[in-house]
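**Student:** Need a 3D model of the sequence below.
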Amino acid sequence: MTLSVEEALKRVPVTRIVHLTPASNLWGIFTDDNIRTSEDLAANADSYSFTDDKRLDQRRTHTCCSFEYPNAYYQRKARTKTPLINYPDWVCLILNRELAKRRRVLFAPCNAATSSGAYLAEGGQAMLACWEKPSIPHGFRRRQSHHPAVPTDLQAEVLIPGAVDLSECSAIVAPTEGQARQYLVS
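**Tutor:** Purely as a prediction, here's the structure:
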């Protein structure tokens, strides 16, 4: 029997999906009322800063997200890329976990770019693979302090097909209250 994503979501206490982006992209997101895919961003490059222009996962028509918390490891790497060096501020968009139920959503139990996207798969079993002990393929282990809603490999990803409508966003998290106010005014 094939496990549905809906059934998988009942087995892990995930409360949200998150999308991490440079704060400079908020203007384009608010203007478009969407979080765009890499393919869309390429067509509107004047309004956005790419966080991953290479997309080694080979899925340019999907929006990269993670479960519960942003991928801080990738953020640290992305901040050093030439187009982003002048935009040090990032925000985290908190998205509806129900997005995981969309058709063609892909799950990776590690960074989606690992082995050119070889670990990406659809379905409930693929989602639960993100919580495997030890993690696939890197063998990370969960400690007692590991939050149960967080995948075993902290770089596990959820790739949502197409753009994500801003109505799916319940909150935008900024590093400080002052920065949040600045983004609201801008």
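**Student:** helix/strand/coil for residue 30?
**Tutor:** Under DSSP: H, G, I helix; E, B strand; the rest coil, residue 30 falls in the helix class.
**Student:** Oops, could you answer that again for residue 25 instead?
**Tutor:** Under three-state DSSP, residue 25 comes out as helix.
**Student:** separation between it and residue 92?
**Tutor:** For residue 25, the distance to residue 92 (CB to CB, to the nearest Å) stands at 12 Å. Every C-beta, even on glycine, is put in place using the N, C-alpha and C of the backbone.
**Student:** Look up the closest residue to residue 161, ignoring the ones flanking it.
**Tutor:** residue 104 (4.2 Å; CB to CB, 6 or more residues apart in numbering).
**Student:** With residue 38 instead?
**Tutor:** Residue 38's closest residue in space is residue 60 (CB to CB, 6+ apart), at 4.3 Å.
**Student:** So the one you found sits against residue 112, correct?
**Tutor:** No: using CB atoms under 8 Å, residue 60 is not in contact with residue 112; the gap is 11.8 Å.
**Student:** The two - which one has more neighbours?
**Tutor:** A count of neighbours by other CB atoms under 10 Å puts residue 112 above the other of residue 60 and residue 112, at 30 against 15.
**Student:** thinking again about what came up before, so which of residue 25 and residue 92 has more stuff around it?
**Tutor:** More neighbours surround residue 25 than the other of residue 25 and residue 92, with 22 against 19 (other CB under 10 Å).
**Student:** OK, contacts around the closest residue to residue 167 other than its chain neighbours?
**Tutor:** Distances taken as CB to CB, 6+ apart put residue 33 closest to residue 167, at 7.9 Å, once the chain neighbours are dropped. Residues near residue 33 by CB atoms under 8 Å, 6 or more residues apart in numbering: 165, 166, 167.
**Student:** And the residues you listed, which is closest to residue 174?
**Tutor:** residue 166 (16.3 Å; CB to CB).
**Student:** so who does the closest one touch?
**Tutor:** Contacts of residue 166 by CB under 8 Å, 6+ apart are 29, 30, 33, 34, 35.
**Student:** Who wins on neighbours among those residues?
**Tutor:** The most neighbours of any of those, using other CB under 10 Å, belong to residue 35, which has 25 neighbours.
**Student:** Cross-check the contact I'm expecting between that residue and residue 162.
**Tutor:** No: judged on CB under 8 Å, residue 35 makes no contact with residue 162 at a distance of 9.9 Å.
**Student:** Please look at residue 37 and residue 61 and confirm they touch.
**Tutor:** Yes: under the criterion of CB under 8 Å, residue 37 makes contact with residue 61 at 5.4 Å.
**Student:** got the residue ranges for the helices in this structure?
**Tutor:** For the chain, helices defined by DSSP state H occupy the ranges 5-11, 26-32, 38-43, 72-78, 124-128, 177-185.
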